[in-house]
Structure formats: structure tokens, C-alpha cells
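K.L.:
Have a look at this fold, sequence not included:
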């Protein structure tokens, strides 16, 4: 394959076939697509070197297969070790109910702050660190989220039993 071949010309005809190959190999559509996308990202990153190879397709397939195998190996280890590491009492159920449906309607920043505060039980300083903002921004974001939720709840008509 000519070294001058542009990645944009090379890529389109190959993704579909690589994803199909990985799907047959691992049986997981999501993993196949993710491994293919990661392999093509790495190929693009190293395109000057890869395009000069005898088989850029072969290099890309090798990367994709290695990614998929690594993920499958990690999943197998997790399946084997997880029951030993976590007891049923350690598992925290995901919050359920209509209130959390409302929280999902908030903008991402507010939703993140609310989840970290009320589900993760983190302090404002810790939330600020996680979100990469100041403590004051977290306090304001939580206040805005509570205000938005109060407005939404005020607008909802509750049927009396």
C-alpha cells in the first residue's frame, strides 16, 4: 500500500468489516465496535508509520483483536473475583423513583453535583475536586438544582387519592 494514501481514503471501507470480524470473534456487538474504534484511533495516530507498512489492515486488525482480548480477559477476572470481593450487603442499589427521573432532566453539571452529593454522599469540597470547580461553584450549582427541582415539582399536579 502506498505511503501517501490518506487515512480518510483508507478508513471508510474497513470499519464495517473489522466490526463484523470482531463480533464473530467475541460475540459482543458493543465490544466489537469499541475495539474497532479504538484500533482505528490508534491507526490514525500512527498513520505515517502504519501507512508505510505492507499491511495497514493487518496492523489495525491486530490492535483491535488485542483490545478485545484484553477486555474479555479483564471481564473474566472480574466475574471470577467480584463475588469474593463484594458481599450482598456492600452493594448499594441505584436510586429509583420519579424524583430521580426529574434529576435526570437537569443539566449535566447540576445532575452531576446532585448525584455526587445525595447518592455518593460527598462533601462540597470533594464534589469540587471531582468536578474540577470551586467549592462555591458546587454550592451554587446545588442551590440552582434544588431550585429547578422545586419548580418542576410545583408544576406537577398531584392526584389526591
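P.N.:
Arrived safely. Quantities reported herein were computed from a predicted structural model and do not represent experimental measurements.

K.L.:
Run through the residues that contact residue 144.
P.N.:
For residue 144, the contacting residues are residue 110, by Cβ atoms under 8 Å, 6 or more residues apart in numbering. For glycine as for every other residue, the C-beta is placed from the backbone atoms N, C-alpha and C.

K.L.:
Tell me which helix or strand it sits in.
P.N.:
helix 135-155 (DSSP states H and E).

K.L.:
In the protein, spot the helix with the most residues.
P.N.:
helix 56-85 (DSSP state H).

K.L.:
mind showing which ranges of the protein have poor pLDDT?
P.N.:
Confidence mapping of the chain against pLDDT under 70 gives the ranges 1-5, 85-97, 157-161.

K.L.:
now with 80?
P.N.:
Along the chain, the model assigns pLDDT under 80 to residues 1-5, 82-101, 153, 155-161.

K.L.:
Now do the contacts for the spatially most central residue of the chain.
P.N.:
By Cα atoms, centre = their mean, the chain has its centre lying nearest to residue 34, at 10.6 Å. By Cβ under 8 Å, 6+ apart, the residues touching residue 34 are 67, 71.

K.L.:
ok so, going back, pull out the buried residues from the helix holding residue 144.
P.N.:
For helix 135-155, burial by neighbour count (16 or more other Cβ atoms under 10 Å) applies to 137, 138, 141, 142, 145, 148, 149.

K.L.:
Okay, and the nearest residue to the fifth one once chain neighbours are set aside sits in which element?
P.N.:
Nearest non-adjacent residue to residue 145, counting by Cβ to Cβ, 6 or more residues apart in numbering: residue 110, 3.8 Å away. Using DSSP H and E, the secondary-structure element containing residue 110 is helix 108-118.

K.L.:
same for that helix, what does it pack against?
P.N.:
Contacts defined by 3 or more Cβ pairs under 8 Å, 6 or more residues apart in numbering; DSSP states H and E place helix 108-118 against helix 98-104, helix 124-131, helix 135-155.

K.L.:
what's the angle from the helix holding residue 144 to helix 108-118?
P.N.:
Interaxial angle, helix 135-155 versus helix 108-118 (axes from the mean of the first three to the mean of the last three Cα atoms, to 10 degrees): 100 degrees.

K.L.:
Now find how far off-centre helix 135-155 is within its chain.
P.N.:
26 Å (Cα atoms, centre = their mean, to the nearest Å).

K.L.:
quick one: that helix to helix 124-131, angle?
P.N.:
Angle of helix 135-155 versus helix 124-131, following the same axes, to 10 degrees, is 90 degrees.
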